[in-house]
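Participant: Sequence isn't available, so here's the structure alone:
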């Protein structure tokens, strides 16, 4: 009996090891003890076999870090996985409601732009001037001939600049991308200056093709220079290429302006950026081009979401990468070139508005572009109104106001993105 009781005790470790994965140990244990001991051995083997399911939990605990990282459901203090950014408005219903609020804000900013200036006009008079215009009323004339064109151009240019900035940021995967920073505005400005100073063109509609051509050339040059090297088009190289080319073409623009006094008189007001002094007749060329750029940008929204994952994954998801890049370049050219031709180079709208919008909508380009199309005009209208009332006997150009507001925002963005290497 002592040997019989000792037999299973000696065999138990081998049975436990068989439960851990060494199955050949079980036949050796069955042949060793006598018949009286084999019953107890089989009992202990069955007990160990029933207990073999229990050690599965400790084995799972050994792999717990990987499982916890994948699921992040255990309340044991394990770090949860990083969740995708969704913005403050995570649900589509909330985003639709937010877009409706943005449209209401745009309507209020429009009424404010029509009524505020050196001479304030009450909303009732503004509505009367729009619905029942009286040519003998000086307030009606002021609304229709001065403030309506200014407001309409602010809406168009604000939408164009904001959507253009969002497209460039998604296209280059660079959070600091902007038509001004990447030199696109500098190319359009140089082309317009060349048309005015060298060719003698004065009508705004006459130098629109030059602005479009200059914007296209700078876009292609920046992307081409930023794509050199084995790493491809990185955000840092694109930014450096844009700043370098923008500075060079700004120098060319200054050289042309300083050679001709009449060109200096024309360009020193246009070069600051302003939506004032425009006429509704100019909408004949500005409106179709900006609308075409906005529509092309919205068409590219879904493909831009795929491009954010990289070219290979985008192609695997069915996105046509080459076609998307071509369409984005066309949209950026139309939006940046037309806005520069219509209002001059207005800075920082394209970099501020997409960042503000992404705080609410997340990175989905369908919502980013839709919101930018509404928030951009609202911001530019309010900046223009602020410029009108900033000085008692004059006004600040809207390009100056956006520069004053955008410089601190750019510094904050650089500080936020410096740790990630742009």
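Facilitator: That came through fine. Here the structure is a predicted model, which means the values were calculated and not measured. Numbering: from 1, shown residues only.
Participant: Wait, residue 155 touches residue 110, no?
Facilitator: Yes. Between residue 155 and residue 110 a contact is recorded at 7.2 Å, counting by CB atoms under 8 Å. Just so you know, the C-beta spots here come from the backbone N, C-alpha and C atoms, and that holds for glycine as well.
Participant: Compare these two (neighbour count), which wins?
Facilitator: Legend: neighbour count by other CB atoms under 10 Å for residue 155 and residue 110, higher for residue 155 (23 against 19).
Participant: now that one, nearest residue through space, not along the chain?
Facilitator: residue 377 (4.1 Å; CB to CB, 6 or more residues apart in numbering).
Participant: what number of residues lie near that neighbour?
Facilitator: 29.
Participant: So it versus residue 353, what's the distance?
Facilitator: 10 Å (CB to CB, to the nearest Å).
Participant: anything in contact with each of those two?
Facilitator: Common contact partners of residue 377 and residue 353 (CB atoms under 8 Å, 6 or more residues apart in numbering): residue 162.
Participant: How about residue 118: what's its closest non-neighbour residue?
Facilitator: residue 388 (7.0 Å).
Participant: just how off-centre is the helix or strand hosting that neighbour within its chain?
Facilitator: Assigned by DSSP states H and E, residue 388 falls within helix 365-390. Mean C-alpha position of helix 365-390 versus that of the full chain (CA atoms, centre = their mean, to the nearest Å) differs by 15 Å.
Participant: Please verify my assumption that residue 343 contacts residue 274.
Facilitator: Yes. Using CB under 8 Å, residue 343 is in contact with residue 274, at 6.3 Å.
Participant: Of those two, which one has the most company?
Facilitator: residue 343 (27 against 23).
Participant: residues touching the more buried one, list them.
Facilitator: Contacts of residue 343 by CB under 8 Å, 6+ apart are 153, 157, 273, 274, 275, 278, 398, 399.
Participant: what's the spacing between it and residue 332?
Facilitator: 17 Å.
Participant: next one: residue 225
Facilitator: 16 Å.
Participant: And residue 191, by the same measure?
Facilitator: 15 Å.
Participant: anything in contact with each of residue 155 and residue 110?
Facilitator: residue 381.
Participant: residues in contact with the residue nearest to residue 118?
Facilitator: Here residue 388 is in contact with 116, 117, 118, 395 (CB under 8 Å, 6+ apart).
Participant: how about the helices in the stretch 101-250 of the chain?
Facilitator: 123-131, 138-142, 148-172, 184-197, 208-226, 235-258 (DSSP state H, counting those that start in this stretch).
Participant: still on that earlier bit, pLDDT averaged over the helix holding residue 388 - what is it?
Facilitator: For helix 365-390, the mean per-residue pLDDT is 95.
Participant: buried set for it?
Facilitator: 365, 367-388 (16 or more other CB atoms under 10 Å).
Participant: After that helix, which helix or strand is next?
Facilitator: helix 398-417.
Participant: State the helix or strand in which the spatially closest residue to residue 300 that is not a sequence neighbour lies.
Facilitator: Residue nearest to residue 300 in three dimensions, not counting chain neighbours: residue 327, with 5.1 Å by CB to CB, 6+ apart. Using DSSP H and E, residue 327 sits in helix 321-343.
Participant: And the next helix or strand past that helix?
Facilitator: Criterion used, DSSP H and E; the element after helix 321-343 is helix 349-361.
Participant: Check which helices and strands that following helix is in contact with.
Facilitator: helix 92-115, helix 148-172, helix 365-390, helix 398-417 (3 or more CB pairs under 8 Å, 6 or more residues apart in numbering; DSSP states H and E).
Participant: could those be laid out in CSV, adding distance to residue 295?
Facilitator: Below are the helices and strands packed on helix 349-361 laid out as CSV (distance: least, CB to CB, whole Å):
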stretch, distance to residue 295
helix 92-115, 18
helix 148-172, 10
helix 365-390, 11
helix 398-417, 25
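Participant: For those, state which one has the densest average packing.
Facilitator: The highest mean neighbour count among these, using mean count of other CB atoms under 10 Å, belongs to helix 148-172: a mean of 27.
Participant: For that one, what does the pLDDT average out to?
Facilitator: On average, helix 148-172 scores 94.
Participant: Just give me how far that helix sits from the chain centre.
Facilitator: 13 Å.
Participant: between it and helix 184-197, how big is the angle?
Facilitator: 130 degrees (axes from the mean of the first three to the mean of the last three CA atoms, to 10 degrees).
Participant: got any ranges where the chain has weak pLDDT?
Facilitator: Residue ranges of the chain with pLDDT under 70: 1-86, 416-422.
Participant: Stretch 217-235: end-to-end distance?
Facilitator: Start-to-end span of stretch 217-235 (CA to CA, to the nearest Å) is 19 Å.
Participant: List the buried residues for it?
Facilitator: Quick answer for stretch 217-235 (16+ other CB under 10 Å): 217, 218, 219, 221, 222, 223, 225, 226, 233, 234, 235.
Participant: Which single one of those is nearest to residue 146?
Facilitator: Ranked by distance to residue 146 (CB to CB), the buried residues of stretch 217-235 are led by residue 218 at 33.2 Å.
Participant: Quick one: residues contacting that closest one.
Facilitator: Residue 218 neighbours (CB under 8 Å, 6+ apart): 182, 183, 184, 186, 187, 188, 245, 246, 249.
Participant: give me that answer again for 7 Å
Facilitator: Each residue near residue 218 by CB atoms under 7 Å, 6 or more residues apart in numbering is listed here: 183, 184, 186, 187, 245, 249.
Participant: Number of residues surrounding the fifth one?
Facilitator: Each residue near residue 245 was counted by other CB under 10 Å, and the total is 21.
Participant: That one against residue 183, yeah?
Facilitator: Yes. With contact defined as CB atoms under 7 Å, residue 245 and residue 183 form a contacting pair (4.4 Å).
Participant: list the residues that contact both of those two?
Facilitator: In contact with both residue 245 and residue 183: 218, 222, using CB under 7 Å, 6+ apart.
Participant: report the angle between the axes of the helix holding residue 327 and helix 349-361?
Facilitator: 120 degrees.
Participant: Could you check helix 321-343 and say which residues are buried?
Facilitator: Buried, per 16+ other CB under 10 Å, within helix 321-343: 324-325, 327-343.
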